[in-house]
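> Quick one: sequence and predicted model below, then my questions.
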Amino acid sequence: MLQALINRYDAAVAAILVDPRVAVDRSNPPVRAYLELLTSASGLADTALEFWISEGAQGRFYRAGPRGQMYASTIQSVAADSPDQATFVVCSLRSISIVDASGVELSAEGGQSAGSVVAVRSDGAWLIRDLTRTSPATCPAPSSEP
């Protein structure tokens, strides 16, 4: 269930990044889908939305890079903090092309990143309370496949 949560998180972020201008409207379906994955106490949402609004204002749009999807994340380890809280390490492969409104590539991002995620169960659903970047040194070496 935690892997499914991270998969939904990756998909929600990618849906917003296609046109980050949508981040200005919390009622927009992709933004709502993203917010529904986070606890209301999480400051993560405000920080991310502000960044995405800024990206959209600058005319920066995101597309999947050569791997075919922006993010592919895998949980590496899980620690059950309590029956309703878990902390886990996730490794993510990024494959992103950043383009302007005409589709001209401005830059590209790839490689591996890692994070420590705290998830809590609320009303039977697992939600992300915190996501902190960590060193990807503990992640397995990425495959050379595109």
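Sure, I can see it.

> Any stretches of the chain with poor pLDDT?
For the chain, residues meeting the criterion pLDDT under 70 lie at 143-146.

> can you pull out the strands in the chain?
Shown for the chain, the strands assigned by DSSP state E span residues 61-64, 71-82, 85-99, 105-122, 125-134.

> for the shortest one, the distance to its chain's centre please.
To tie it back to what came earlier, the one meant is strand 61-64. 13 Å (Cα atoms, centre = their mean, to the nearest Å).

> Let's have the strands of the chain in CSV, adding mean neighbour count.
To be clear about C-beta, it is placed using only N, CA and C from the backbone, and glycine gets the same treatment. Shown next, in CSV, are these (neighbours: other Cβ atoms under 10 Å):
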stretch, mean neighbour count
strand 61-64, 18
strand 71-82, 14
strand 85-99, 18
strand 105-122, 15
strand 125-134, 15
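
> nearest to residue 32, of these?
Of all those, strand 125-134 sits nearest to residue 32, with 14.0 Å by Cβ to Cβ.

> Report all helices and strands that that closest one contacts.
Using 3 or more Cβ pairs under 8 Å, 6 or more residues apart in numbering; DSSP states H and E, the elements in contact with strand 125-134 are helix 2-17, helix 44-57, strand 105-122.

> Relative to residue 64, how far out is residue 38?
Distance, residue 38 to residue 64, by Cβ to Cβ, to the nearest Å: 23 Å.

> oh, I was asking about residue 123
Per Cβ to Cβ, residue 123 is found 33 Å from residue 64.

> Save the strands of the chain as TSV, and put in distance to residue 53 too.
Output for those, formatted as TSV (distance: least, Cβ to Cβ, whole Å):
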stretch	distance to residue 53
strand 61-64	13
strand 71-82	20
strand 85-99	16
strand 105-122	18
strand 125-134	19
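
> Residue 11 is nearest to which of those strands?
That would be strand 71-82 among the strands of the chain, by Cβ to Cβ, at 8.5 Å.

> tally of neighbours for residue 68?
9 (other Cβ atoms under 10 Å).

> tell me the contacts of the nearest residue to residue 35 once chain neighbours are set aside?
Spatial nearest neighbour of residue 35, chain neighbours left out: residue 45 (5.8 Å); criterion: Cβ to Cβ, 6 or more residues apart in numbering. Residue 45 sits next to 34, 35, 38 when contact means Cβ atoms under 8 Å, 6 or more residues apart in numbering.
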